[in-house]
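**Q** just to be clear, the model below is a prediction. Sequence and coordinates:
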Amino acid sequence: MLLVDDDKNTLDGLVKILVRDGFSVSGVLSGYEALNLLSKEKFDIILTDMKLSDIGGLSLIHEVRKRKTPISIVVITAYSSEKMAAEVTKCGADYFLAKPVNIEELELVLEKLWVRRQPVNQIPLLKKSKAQY
């Protein structure tokens, strides 16, 4: 999972909690750092703040979706509204959560995404085993 938040304290706190919960997490402080890391590593889930100091959450979502890679996106923000939730979802985010983040709600969302993605993650393994027959 890739966690993107320009507030170092929030980033560090969420990384600690998610690692404790058993997730493999990389954290970055900007959208540009996230895009750079995405070009080098594969992630199943991105958890990003909406307001970033550089490109912003919506731009990050657009850039990720242009890459056509199967990745789930969760947006968190202190500036939540129904209009923003609809816009974020329309841009390609899977979930939208308000700050302060309810950790139990976040864990439930991440678990749903993880379970939903498992068949996608297993497709290359299935193709490989099929080719052996």
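**A** Now that the structure is in, tell me what you want to look at. Please read these numbers as outputs of a predicted model, since none were measured by experiment.

**Q** quick check, residue 46 in a strand?
**A** Yes: secondary structure assignment (DSSP: H, G, I helix; E, B strand; the rest coil) places residue 46 inside a strand.

**Q** just the pLDDT at it, thanks.
**A** Here the pLDDT value assigned to residue 46 is 96.

**Q** check contacts around the closest residue to residue 113 other than its chain neighbours.
**A** Nearest non-adjacent residue to residue 113, counting by C-beta to C-beta, 6 or more residues apart in numbering: residue 72, 4.4 Å away. (Each C-beta comes from the backbone N, C-alpha and C, glycine too.) Residue 72 sits next to 44, 45, 46, 94, 113, 116, 117 when contact means C-beta atoms under 8 Å, 6 or more residues apart in numbering.

**Q** quick check: the farthest pair among the residues you listed?
**A** 46 and 116 (14.8 Å; C-beta to C-beta).

**Q** out of these two, which sits in the more crowded spot?
**A** Each of residue 46 and residue 116 has its neighbours counted (other C-beta atoms under 10 Å); residue 46 has more, 22 against 11.

**Q** residues contacting residue 114?
**A** 44, 45.

**Q** any idea which element it lies in?
**A** helix 103-131 (DSSP states H and E).

**Q** report how many residues lie close to the closest residue to residue 103 other than its chain neighbours.
**A** Closest residue to residue 103 apart from its sequence neighbours, by C-beta to C-beta, 6+ apart: residue 17 at 6.0 Å. Using other C-beta under 10 Å, residue 17 has 15 neighbouring residues.

**Q** pLDDT at residue 17, what is it?
**A** For residue 17, the model assigns a pLDDT of 95.

**Q** identify all contacting residues around the helix or strand hosting it.
**A** Using DSSP H and E, residue 17 maps to helix 8-20. With contact meaning C-beta under 8 Å, 6+ apart, helix 8-20 is reached by 1, 3, 5, 25, 27, 28, 29, 47, 49, 101, 103, 110.
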